[in-house]
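J.: could you work out the structure for the sequence below:
(one chain, ligands or ions: 2)
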Amino acid sequence: MWTSVTLLHSLSNLFFPPHCFSCNERINDSAILCEKCSNELVGLKENSCVFCNKNTVNSFICEECKQEYPFDEVVIAYIFNLPLQRMIHNFKYNESKKIGTFLGYKLAEIISTYSFISNTDYIIPVPLHKTKKRFRGFNQSEIIAKALSTKLDIPILKNVLKRKKFTQTQTKLKKHEREKNVANAFQVKNIGAIENKSLLLVDDVLTTGSTMKSIALLLKENLAKHIYVCTLARA
Ligand SMILES: [Zn+2]
Ligand SMILES: [Zn+2]
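T.: Ligands and ions are numbered 1, 2, ... in the order given. Predicted coordinates for the structure are as follows:
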């Protein structure tokens, strides 16, 4: 006999049949992506620096950029191709949290192959300003962080990093303008919580890295031991 839950589920599938979160093609009940889009999730190769494009050996950041950016490790999961851009767009702007969790689980699989993860104390999602969060309804980095926390068994550090300044959208700004835009945008609320800790910062997409840089500088000023950075892609 059908339970009311399965009946509701079947009814919802009848009226809202599942679609691929990237191309909107009809798909099987339990899937998130169609086969084609699923195959188009392509891992980013660790052979060039995501900040200056210089060739590297097994690293997403070159030695020179390590002097400029206070990151101990950087992990970027995927090539930012059209299917992934559509997934992230649906995730952020159409409130498709399911695809965010799915991509977070994928990112966790990739990160779990790195040795630094065994000495990571906390995961910290890049905070949104409360006005922006209210407007969007959720913080996309928090959804990814939750997925990572579940799969990697590392707790999320809440209420420690705060975005105190409402920053304009950064998409049209140049690198130095972005750095100025996010300078002093963040605040640490409980210094004791991060002292001597290794922290994994999470965001959806890395652009110039200026937001992550400003957070990492602040956390290190407040005596964090290591700052690791991970995102789904590099825009
Ligand atoms: Zn698709
Ligand atoms: Zn570089």
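
J.: tell me the buried residues in the helix or strand where E177 lies?
T.: Applying DSSP states H and E as the criterion places E177 in helix 175-182. For helix 175-182, burial by neighbour count (16 or more other C-beta atoms under 10 Å) applies to R178, E179, N181, V182. Every C-beta, even on glycine, is put in place using the N, C-alpha and C of the backbone.

J.: which one is N81 nearest to, not counting chain neighbours?
T.: Excluding its sequence neighbours, the residue lying closest to N81 (C-beta to C-beta, 6 or more residues apart in numbering) is E40, at 6.3 Å.

J.: now the terminal residues of stretch 185-198, how far apart.
T.: In stretch 185-198, first residue to last residue: 22 Å (C-alpha to C-alpha, to the nearest Å).

J.: before we move on, what about stretch 216-225?
T.: End-to-end for stretch 216-225, by C-alpha to C-alpha: 10 Å.

J.: now do that stretch: everything it contacts.
T.: Outside stretch 216-225, the residues that touch it by C-beta atoms under 8 Å, 6 or more residues apart in numbering are 69-71, 124, 161, 186-188, 191, 194-199, 201, 227, 229.

J.: one more time with 7 Å, if that's ok
T.: 70-71, 186, 188, 191, 194-199, 201, 227 (C-beta atoms under 7 Å, 6 or more residues apart in numbering).

J.: buried residues, it. List them.
T.: A216, L218, L219, K220, N222, A224.

J.: for the fifth one, give me the pLDDT.
T.: N222 carries a pLDDT value of 94.

J.: near ligand 1 at all, the helix ranked longest in the chain?
T.: Identified as the longest helix of the chain according to DSSP state H is helix 97-111. No - legend: contact between helix 97-111 and ligand 1 by C-beta under 5 Å from the ion is lacking; minimum distance shown is 11.1 Å.

J.: that helix: which residues count as buried?
T.: K97, I99, G100, T101, F102, L103, G104, K106, L107, A108, I110, I111.

J.: pick the one among those closest to ligand 1.
T.: Distances from ligand 1 to the buried residues of helix 97-111, taken as C-beta to the ion, are shortest for I99 (11.1 Å).

J.: would you mind confirming that that closest one is in contact with H89?
T.: No - if you go by C-beta atoms under 7 Å, I99 and H89 don't touch, sitting 9.9 Å apart.

J.: returning to that earlier point: the residue nearest to N81 touches P83, doesn't it?
T.: Yes - under the criterion of C-beta under 7 Å, E40 makes contact with P83 at 4.2 Å.
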